[in-house]
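> sequence-free structure coming up:
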């Protein structure tokens, strides 16, 4: 059964999952997964690693081989400490890339990230360049500092689309940032806004439309992150569960194809280090678990 053959139809609020047994949900998940995704956020850190750990070529290559049959594009988050190998290896596997420079409060590291991003782009490993990820949300940089970085990268690689990644609503309140971006790179998480799973697809559509309107309706919007955790504590009205994450994935991918919306699903593999930053749900956003076994 293939999504392209029209045998699975999503309604405005998503697939009608009423009374579908667990076995049928898993079969539907596999059908949608096998039909392929636009993009995946690439989780590279193995058990015991975290940001700051140096990634090896072997671990990147092994995980890239696992996801290669299912995605057209991968998103990476940094250009140093081994992360620069991700887009290089992705290209070997015939996968397109959205490559991010991770920016923060350390000017020296910011320079390393930006320089590495520009080099990767000039060498042909970058299809879309992301200058920073949620630095305004975290208040790591001022708007003017970020604008300087964005414009510097745009000047260095004028032939490649350049954007900035943040929560969808930031583009509504930061018109200078939105104007500077060639493409709007919006993170959309109904879960983190306490949305009940039954209404999550409609909520994500509203997030997308808000980002689209922020760009005047004529700028490309890519959903750079969205997902649902498979276990952990409830976040008010949002409940992590195996079933909810499975349903969210199905609805997201069907909407992506039917409306031609580019989405990078978060995430490829579970990463234990994220527990500290996000609570116990942080470790369970992957389609594959931390041992690289598919979860559904």
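Yep, that arrived. These figures come from a predicted structure and were not determined experimentally. Numbering: from 1, shown residues only.
> what is residue 128 paired to in the beta sheet?
Beta-bridge pairing for residue 128 (DSSP bridges): residue 98.
> give the burial count for it, as a bare number.
23 (other C-beta atoms under 10 Å). The way it works is simple: take the backbone N, C-alpha and C, and place the C-beta from them, glycine included.
> most centrally placed residue in the chain?
residue 225 (3.0 Å; C-alpha atoms, centre = their mean).
> dump the residue contacts of that one.
41, 165, 187-189, 264, 266 (C-beta atoms under 8 Å, 6 or more residues apart in numbering).
> so of these, which ones are in strands?
Mapping the contacts of residue 225 onto strands (DSSP state E) picks out 41, 165, 187, 264.
> test my guess that the third one contacts residue 170.
No: in this structure residue 187 lies outside contact range of residue 170 using C-beta atoms under 8 Å: 9.1 Å.
> re earlier: surely the residue nearest to the centre of the chain is in a strand?
Yes: secondary structure assignment places residue 225 in a strand (DSSP: H, G, I helix; E, B strand; the rest coil).
> quick one: residue 189 and residue 289, what's the gap?
Using C-beta to C-beta, to the nearest Å, one gets 21 Å for the distance from residue 189 to residue 289.
> now residue 235
Counting by C-beta to C-beta, the gap from residue 235 to residue 289 is 21 Å.
> between the two, who's got more neighbours?
Ranked by neighbour count (other C-beta under 10 Å), residue 235 and residue 289 place residue 235 first, with 18 against 14.
> on the pLDDT front, check that one for me.
Residue 235 carries a pLDDT score of 95 in this model.
> contact partners for it?
191-192, 194, 281.
> of those residues, buried ones?
For the contacts of residue 235, a burial check counting by 16 or more other C-beta atoms under 10 Å picks out 191, 281.
> what is the least confident helix or strand in the chain?
One helix or strand of the chain scores below all others by mean pLDDT, DSSP states H and E: helix 275-278, with a mean of 83.
> got a pLDDT number for residue 70?
pLDDT at residue 70 comes out at 98.
> hmm, I was thinking of residue 17
pLDDT for residue 17: 89.
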